[in-house]
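I'll drop the sequence and a predicted model, then ask my questions.
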Amino acid sequence: MASNATLKAVRGTRDLLPDQTPLWNRVETTARAVFTRYGFGEIRTPVLETTELFARGVGEETDIVSKEMFTWEDRARAASEKAQSLTLRPENTAGVVRAYIEHKLGETGALQKLYYIGPQFRRERPQRGRYRQFWQIGAEVIGPQSSGAESPLRDAEILEMLASMLDELGIRGWKLELNSVGNADDRARYNAALREALQPVKHLLCEDNQRRADLNPLRVLDSKDENDQEIINGLPKIADYLGEESREHFEQVKAALDACGVAYTINPRLVRGLDYYTRTTFEFTVTTGLGTQNALLGGGRYDGLSEMLGGPRAPGIGFAIGEDRLILTLQAQAEADAAAAGTTVAEPKLDAYVAPLGKEQNPAALKLAHDLRKAGLTVDVGDGSFKLRKSFDTADKLARSIVLVGEDEVANGIYTVKNFSNGEQTKIAAAELATALQAGA
RNA sequence: GCGGCUAUAGUUCAGUGGCAGAACGCCGCUCUGUGGCAGCGGAUGUCGUGGGUUCGAACCCCACUAGCCGCCCCA
């Protein structure tokens, strides 16, 4: 390791600097507030899980599990019978359901409404809106059947909450796409029908789709290959293979959404890549700022997941928002708005900048800054070695007002304050300073 | 994982074989209690990394790394 090469963040990961984090915090604060209003509690699960959890939960054959996970053998244990394979979580639903089972949350009989905010890891080729460490804001509603976890009302509530959350965050022009992929039986019948329908036309499809036709026919449906669209459009629709139960469930989800005035479009080709999805699946997309990675969030029902992980029957529904993508969208919107208004995106300013006029005033300046901060103001303090010009320049960049701390000010406790937005200069006694600055002096 | 484009100052970028540049920003001075304007001056740097070709490479070639675009996939 005797290299002098500059150390860099690893591929697909990035640092979020202070010019970015206020937006992240605003998004997370808003999300938490909305979750709280809808009766969700926060859950924090480990970033590390056993590889088996994802193999069983997400599905061995999915792209995520078969080629995108960061997985390794636990070193200290590798040689013993305790050897285990560990994985950096590629998604959070499996972990939440594992915790649900492990802590026997179902035994309480109550419906569990859980949300999480945290990093996930997938070893994909990085691109705008696609990172190897990325953040998801997600939620799960899960419980025993007697808790009503299976009710279509839960599906509609989740979707209505998401619509409200996106609106509250200021995301404009989002679109909700909805589908039902049926229960396990429906899917089996549909898969068989798809295979049959694909057989005579398979040779006409592109290489990728030919592979899918054999491996996982459902995935042929969301192919973007232009030449194959005509054939794909002619394939059987999942809606025609839904059993009475699934169809009735989906109808009730739609009815509840209609009652809430949440707009959606049915996309019969919306299937999802994780094996655990059943019945309702959905995706929210946007057109601003994301290029081709236009899916802002996705989710669906997973009525069999708990059992796949060795737990009790516990139907559930959940979603994950791509926080990175949400942020990119908000930034793109803000930039577009600023460009339209002929301005730039403004950075927030401090309430005041305290400028000692000489080194002798440094202690008094820091004390004044302390008093103002204690009063709740956002304040920065300079240094007595700065020339007045530099103090003004720095103050103008950082703060709305400058407070001069010179010999006279320290002696008589009356401070000179200049407001940068209106250029007005006033003398304010120490006792009134905080209030005056707060009011915009 | 596949195909393509890109990598030069803090930032945005120009420079296509012959002294490393511009704008903005930064620092200093004009100007030691009133800045923002202006004038003058200054520092910007492993030209992504490593090799090769050449008298000579930021420039041409190869490899690597990273970002971006598309595919794949997904959030």
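It's in.

in which helix or strand would I find the residue of chain A found nearest RNA strand B?
Across chain A, the shortest distance to RNA strand B (CB to the nearest atom of the strand) belongs to residue A:273, at 1.3 Å. (Glycine included, C-beta is placed from N, CA and C.) Here residue A:273, judged by DSSP states H and E, is contained in no helix and no strand.

which residues touch the residue nearest to it when sequence neighbours are not counted?
Of all residues not flanking residue A:273 in the chain, residue A:62 sits nearest, at 5.8 Å (CB to CB, 6 or more residues apart in numbering). Neighbouring residues of residue A:62 by CB atoms under 8 Å, 6 or more residues apart in numbering: A:273-275.

re the thing from before, can you tell me how far the residue of chain A closest to RNA strand B sits from residue A:389?
Relative to residue A:389, residue A:273 is positioned 60 Å away (CB to CB, to the nearest Å).

Residue A:41 now?
Distance from residue A:41 to residue A:389, by CB to CB: 54 Å.

Please apply the same query to residue A:377.
Shown here: residue A:377 relative to residue A:389, a distance of 24 Å by CB to CB.

So these two - more neighbours on which side?
Remark: of residue A:377 and residue A:389, residue A:377 carries more neighbours, 19 against 8, as counted by other CB atoms under 10 Å.

Contact partners for the more buried one?
The neighbourhood of residue A:377, defined by CB under 8 Å, 6+ apart, consists of A:351-352, A:434, A:437-438.

Just the ones in helices from those residues, please.
Counted as lying in helices by DSSP state H, out of the contacts of residue A:377, are A:434, A:437-438.

Let's have those in a markdown table, adding neighbour count and pLDDT.
Putting these into a markdown table (neighbours: other CB atoms under 10 Å; pLDDT from 0 to 100) gives the following:
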| residue | neighbour count | pLDDT |
| --- | --- | --- |
| A:434 | 22 | 96 |
| A:437 | 25 | 95 |
| A:438 | 14 | 91 |
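
Next, format these as TSV and append distance to RNA strand B.
Supplementary listing: the ones in helices among the contacts of residue A:377 in TSV, determined by distance: CB to the nearest atom of the strand, whole Å:
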residue	distance to RNA strand B
A:434	19
A:437	16
A:438	20
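
Enumerate the residues of the stretch 251-400 of chain A near RNA strand B.
For the stretch 251-400 of chain A, the residues found near RNA strand B under the criterion CB under 7 Å from any atom of the strand are A:272-274, A:283, A:291-293, A:295-298, A:320-322, A:324-325, A:357, A:387-390, A:392-393, A:396-397.

filter these to the buried ones?
Among those, the ones that count as buried by 16 or more other CB atoms under 10 Å are A:272, A:274, A:283, A:293, A:296-298, A:320-322, A:324-325, A:357, A:392.

Show me how the record splits chain A into domains.
Using automatic domain parsing, the domain ranges for chain A come out as A:21-172+A:277-336, A:352-438.

Now render the ones you listed as JSON lines, adding distance to residue A:220.
Supplementary listing: the domains of chain A in JSON lines, determined by distance: least, CB to CB, whole Å:
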{"stretch": "domain A:21-172+A:277-336", "distance to residue A:220": "15"}
{"stretch": "domain A:352-438", "distance to residue A:220": "56"}
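
Quick check: phi and psi on residue A:221?
Backbone geometry at residue A:221, expressed as degrees, to the nearest 10, gives phi -60, psi -40.

I meant residue A:158, not that one.
phi -60, psi -50.

which residues touch it?
Under the criterion of CB under 8 Å, 6+ apart, the contact partners of residue A:158 comprise A:139, A:141, A:299, A:317-319.

Model confidence for residue A:3, exactly?
Confidence per residue is given as pLDDT, and for residue A:3 that number is 44.

what's the answer for residue A:345, then?
What the model reports as pLDDT for residue A:345 is 76.

Now distance to residue A:87 too, for the contacts of residue A:62, in a markdown table please.
Output for those, formatted as a markdown table (distance: CB to CB, whole Å):
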| residue | distance to residue A:87 |
| --- | --- |
| A:273 | 17 |
| A:274 | 15 |
| A:275 | 16 |
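
JSON lines for those, including pLDDT?
Output for the contacts of residue A:62, formatted as JSON lines (pLDDT from 0 to 100):
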{"residue": "A:273", "pLDDT": "72"}
{"residue": "A:274", "pLDDT": "78"}
{"residue": "A:275", "pLDDT": "79"}
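
Contacts for stretch A:36-51, please.
Counting by CB under 8 Å, 6+ apart, A:32, A:35, A:69, A:71, A:84-89, A:92, A:94-96, A:98-99, A:113-119, A:121, A:139, A:157, A:161 sit against stretch A:36-51.

Could you identify the buried members of those?
Among the contacts of stretch A:36-51, those scoring as buried are A:35, A:69, A:71, A:86-89, A:92, A:94-96, A:98-99, A:113-119, A:121, A:139, A:157, A:161 (criterion: 16+ other CB under 10 Å).

list the buried ones in stretch A:22-36?
Of all the residues in stretch A:22-36, those buried under the rule 16+ other CB under 10 Å are A:24, A:27, A:31, A:34-35.
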